[in-house]
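K.L.:
Okay, here's the prediction I keep looking at, along with the sequence it came from:
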Amino acid sequence: MTGAGRAFCAGVDFKDIAENDSNIIESREMTETFEQCKKPIIGAINSAAMTGGLELALYCDFLYAADSARFGDTHAKVGLMPTWGMSQKLPRIIGINRTREMSLSGNIIDASAAMQWGLVNKLCSKDTLLDETLTKAHSIAEHIQVNTQNLKKLMNEGWKSTLEQGLLLEEKYSYPHNRTVDLTALTQPTPEALREEIARCRTMTDKPFGVNITILPSITPPPYEDFAKIIIESGVKVVETAGRSPEAFMPAFKAAGIKVIHKYTFVRYALKAEN
């Protein structure tokens, strides 16, 4: 999410409010829309995020910002009280004392301070902000989406509770989820552990099943070749791949009669693989 003009969002339009004070949004319709969004939301703060605009930014899961961005809360200056969560969310992110200073004084902080205070995850040049944000979004989109959504829900609900309550939430959501996880090579610590897991699956069903290999960029990659060899030796007939191209493993998989299903984030990648 980013701004379309000179600012990310400058907040409410006071001229509009002066003409009709019912234009101040008091309902939870907007905030609930963000809270109920299952997909991760990355804020790309291209310039000023002021008051209501900062509250809007706080509904993102995390923020990247241009090095020229500015952040401020002017509720006290203009005689309004926050209604979109500023008074509760901001101190949980940057700390109560910094929030008091920022909100009570109405002072504006620059992108560097926002980064130091933990409000922003990464600073970018204004020219590269969207590209860097989209690169991060693409990397998130390559993951198993239901897992990403459940993890976001768990963290967001736990953030509103105590540590003890949050740990109980983790047990409540994680154990049932983990019992339904598909067989994925990289969830096994070693190729031999994958062989044992495949054998265990065979004791649980007489139906065909597949194995996933997610090929990720890494300085020290896992032993993908060994995982592929175990899959072939174990007689698995369906492999789902994701991430980078499985081209290096295709000859061996085809020779073993394995059907490969490659998951793509974008249609153009699928067309490239098809060709």
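P.N.:
Received the coordinates, thanks. Numbers count the residues shown, from 1 in each chain.
K.L.:
all contacts plus neighbour counts: C-alpha atoms, from now on.
P.N.:
OK.
K.L.:
Would you map the helices across the stretch 51-200 of the chain?
P.N.:
Along the stretch 51-200 of the chain, the stretches classed as helices by DSSP state H, counting those that start in this stretch are 52-57, 75-78, 86-94, 96-105, 111-116, 129-141, 145-159, 163-178, 191-204.
K.L.:
between the ones you listed, which one is nearest to residue 214?
P.N.:
Closest to residue 214 of these is helix 129-141 (C-alpha to C-alpha; 12.2 Å).
K.L.:
what pLDDT does the nearest residue to residue 184 once chain neighbours are set aside get?
P.N.:
Nearest non-adjacent residue to residue 184, counting by C-alpha to C-alpha, 6 or more residues apart in numbering: residue 212, 4.5 Å away. Listed pLDDT for residue 212 reads 90.
K.L.:
in the sheet, who's paired with residue 212?
P.N.:
Judged by DSSP bridges, the bridge partners of residue 212 are residue 184, residue 240.
K.L.:
three-state assignment of the residue nearest to the spatial centre of the chain?
P.N.:
Centrality entry for the chain: nearest residue to the mean C-alpha point is residue 40, 4.0 Å, by C-alpha atoms, centre = their mean. Here residue 40 is coil, with the state taken from DSSP: H, G, I helix; E, B strand; the rest coil.
K.L.:
Run through the residues that contact it.
P.N.:
Residues near residue 40 by C-alpha atoms under 8 Å, 6 or more residues apart in numbering: 60, 61, 149, 152.
K.L.:
and the last one, how many neighbours?
P.N.:
Right, the one you point to is residue 152. Residues within reach of residue 152, counting by other C-alpha atoms under 10 Å, total 17.
K.L.:
Next up, the contacts around residue 227.
P.N.:
185, 191, 194.
K.L.:
Just the pLDDT for it.
P.N.:
Looking at residue 227, its pLDDT is 94.
K.L.:
Name the SS class of it, please.
P.N.:
Classification of residue 227 using three-state DSSP returns helix.
K.L.:
Settle this for me: residue 249 is touching residue 226, isn't it.
P.N.:
No. Taking C-alpha atoms under 8 Å as the definition, residue 249 is not a contact partner of residue 226, at 10.7 Å.
K.L.:
What's the local residue count around residue 217?
P.N.:
Residues near residue 217, counting by other C-alpha under 10 Å, number 9.
K.L.:
From residue 140, how far out is it?
P.N.:
Distance of residue 217 to residue 140, given as C-alpha to C-alpha, to the nearest Å: 13 Å.
K.L.:
re earlier: what's the burial count for the residue nearest to residue 184?
P.N.:
Neighbour count of residue 212, defined by other C-alpha under 10 Å: 20.
K.L.:
contacts for stretch 147-161?
P.N.:
Contact partners of stretch 147-161, identified using C-alpha under 8 Å, 6+ apart, comprise 38, 39, 40, 140, 165, 166, 167, 169, 170, 173.
K.L.:
Could you rerun that using 6 Å?
P.N.:
Stretch 147-161 is contacted by residues 38, 166 when judged by C-alpha atoms under 6 Å, 6 or more residues apart in numbering.
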